[in-house]
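Colleague: My questions are about this predicted structure, shown below with the sequence.
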Amino acid sequence: MSIERSDDASLAIWNTSVNTLSKAWHGLRTLQTTWNVKSARQNMDKIRPILNDFAVQWEEADKQLTGQLGEIVSLLKSEVYASNLESEMRGAGIQFSGEFPQYVFPPFKLSISPESLEARLSLGRKSERTADLHPAQLAQWVGTRYKKVLSRRFNAPAFMKDLLAAYRIANKLHFHHHEPTYGRAVPLTEIYDILTIRQTSRQDYPLQFFVFDLGLMKESAVLKFEKFKFEFGSARDQKRALVVVDSSGRESFISSLTVYAEEES
């Protein structure tokens, strides 16, 4: 997807002038340490004519750039842009649903705003933004993040084992008991804090990955590990809940985990 240009001459002249000016000014900055008067005079002779023509050169470049900006803004609102973006995303291996300007590919949502001239990639409540909207650039930006999540293999038994261990610790801290009291709800945020008590662990296992794993666990419908049964609870205030997205893009709001020992079920 390219922008048609009728004349690149003014931009080429401006580019040459800026590069020459930058190099000449860099040479002048070394005068105090080199005392190279000959080089300094040569650089000053290069700068003077550039500055004399600078305003005229910029006026021409400004006109051309303004025209290109207008053309890009128009394209962003066209069906051609949507078609090109979708083609690039498929080429990047992104299996998405939805249509422009919103796409879903769990656990992500992608929203493009031609009005604010940016795209937002959301995973639960966390989001990243970019203003690089060229279809190829945007698809590559999205694809990198998408593949990073998909490359993580979900092991339900191992996840539940870790979840149970963290629940036991968080339960004792939350209820101030020496032993865990099963059958009582513990905030998932406290469990996550236990799982990632080391700073390096939090970097390797950010909250959005934890939330995604919770979604995969809920989706598997296997909420039992050994003699323990898991149950997720929802908060009345959804602002305090974690937004869990499963592989089909369905959202649910959960805030706590309760573990029951088999004899207490």
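Modeller: Alright, I've got the coordinates.

Colleague: Please identify the buried residues of the helix or strand containing residue 81?
Modeller: If you go by DSSP states H and E, residue 81 is part of helix 79-91. Using 16 or more other Cβ atoms under 10 Å as the test for burial, helix 79-91 gives 81-82, 84-86, 88-89. In short, each C-beta sits where N, CA and C put it, glycine included.

Colleague: Mind putting the residues you listed into CSV with pLDDT?
Modeller: Output for the buried residues of helix 79-91, formatted as CSV (pLDDT from 0 to 100):
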residue, pLDDT
81, 95
82, 95
84, 96
85, 96
86, 96
88, 96
89, 96
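
Colleague: Which one of these is nearest to residue 96?
Modeller: When the buried residues of helix 79-91 are compared for distance to residue 96 (Cβ to Cβ), residue 89 wins out at 6.0 Å.

Colleague: From residue 144, how far out is that closest one?
Modeller: Distance of residue 89 to residue 144, computed by Cβ to Cβ, to the nearest Å: 12 Å.

Colleague: so how far is whichever helix or strand comes after the helix holding residue 81 from its chain's centroid?
Modeller: Downstream of helix 79-91, the first helix or strand assigned by DSSP H and E is strand 97-99. Put simply, strand 97-99 sits 19 Å off its chain's centre (Cα atoms, centre = their mean, to the nearest Å).

Colleague: how about the strands in the stretch 101-250 of the chain?
Modeller: Secondary structure of the stretch 101-250 of the chain (DSSP state E, counting those that start in this stretch): strands located at 102-105, 108-113, 118-123, 126-130, 186-187, 224-225, 228-233, 242-245.

Colleague: just those: most buried one?
Modeller: Among the strands of the stretch 101-250 of the chain, the stretch with the highest mean neighbour count (mean count of other Cβ atoms under 10 Å) is strand 242-245, at a mean of 23.

Colleague: What residues sit buried inside whatever helix or strand comes next after that strand?
Modeller: As assigned by DSSP H and E, the chain's next helix or strand after strand 242-245 is strand 251-254. For strand 251-254, burial by neighbour count (16+ other Cβ under 10 Å) applies to 252, 254.
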